[in-house]
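Asks: below: sequence and its predicted model.
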Amino acid sequence: MKFPTLYTERLALREMTNVDCDSIFALRSNESVAAFQERSLQENIEEALAFIEKINAGVANNAWIFWALTLKETDELIGTICLWNYSENLTRADLGYELMPDSQGFGYMQEALEAVLAYGFEETDLLLIDAVTHKENLASLRLLKKFDFALNPDFENGMEIMYTRKREVRG
């Protein structure tokens, strides 16, 4: 499958490359970005390269779609967004995203999420997209609610909660 590059007014959502190594390291070693995630911070560039290799291997095996979120004008990586953890019948997937702090508050993730939801629901067979977030991640909660994700009452894992968005039925 050819990688699905997506474009918005200000962004290009493209496949990650080793050129993104410094930006991925900056993103994944940032304490503010990781504050609501249960993962350790990257400690060196080698870990960033290994992460890119792992992500691209999963993309090649159709395990997930993981976009580098870049500014169109500069191709600067400012974050990531992905669909992953697909159900066995490929009708449900998890959503993940992260954005550098200096790029927050400008509507970039809203723009990216709109494109990813359109891709997920219109270009694939997805019926449901889930997003697990920290209960105190107010920016993430606002974003999910803005896109009509609803709290999934069947999921709670400590401080994490799940929001789900269903494909709109047209007819």
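Replies: Structure's in. What do you need?

Asks: what does the helix or strand in which Met162 is found contact?
Replies: Secondary structure assigned from DSSP states H and E places Met162 in strand 160-166. For strand 160-166, the surrounding residues in contact (CB atoms under 8 Å, 6 or more residues apart in numbering) are 117, 127-135, 141, 144-145, 147-152, 155-156. For the C-beta atoms, the positions are set from N, CA and C on the backbone; glycine is no exception.

Asks: which is the succeeding secondary structure element to the lengthiest helix in the chain?
Replies: Of all the elements of type helix in the chain, the one with the most residues (DSSP state H) is helix 45-60. Moving toward the C-terminus from helix 45-60, the next helix or strand (DSSP H and E) is strand 65-71.

Asks: list the buried residues in that next one.
Replies: In terms of neighbour count (16 or more other CB atoms under 10 Å), strand 65-71 has its buried residues at 65-70.

Asks: if I look at the closest residue to Glu9 other than its chain neighbours, how far off is Trp64?
Replies: Closest residue in space to Glu9, ignoring its immediate chain neighbours: Glu111 at 6.7 Å, by CB to CB, 6 or more residues apart in numbering. Taking CB to CB, to the nearest Å as the measure, Glu111 falls 21 Å from Trp64.

Asks: equivalent analysis for Ala12, please.
Replies: Taking CB to CB as the measure, Ala12 and Trp64 are separated by 19 Å.

Asks: need the nearest residue in space to the residue most central in space within the chain, chain neighbours excluded.
Replies: The C-alpha lying nearest the average C-alpha coordinate of the chain belongs to Ile81 (CA atoms, centre = their mean; 2.2 Å). In space, not counting the residues next to it along the chain, Ile81 is nearest to Tyr97; the distance is 4.2 Å by CB to CB, 6+ apart.

Asks: name the SS class of the one you found, please.
Replies: Secondary structure of Tyr97, reduced to three states by DSSP: H, G, I helix; E, B strand; the rest coil: strand.

Asks: wouldn't it be in contact with Glu111 here?
Replies: No. Between Tyr97 and Glu111 no contact is recorded; they are 11.6 Å apart, counting by CB atoms under 8 Å.

Asks: spit out the contact partners of Ser103.
Replies: The contact partners of Ser103, by CB under 8 Å, 6+ apart, come to 78-79.
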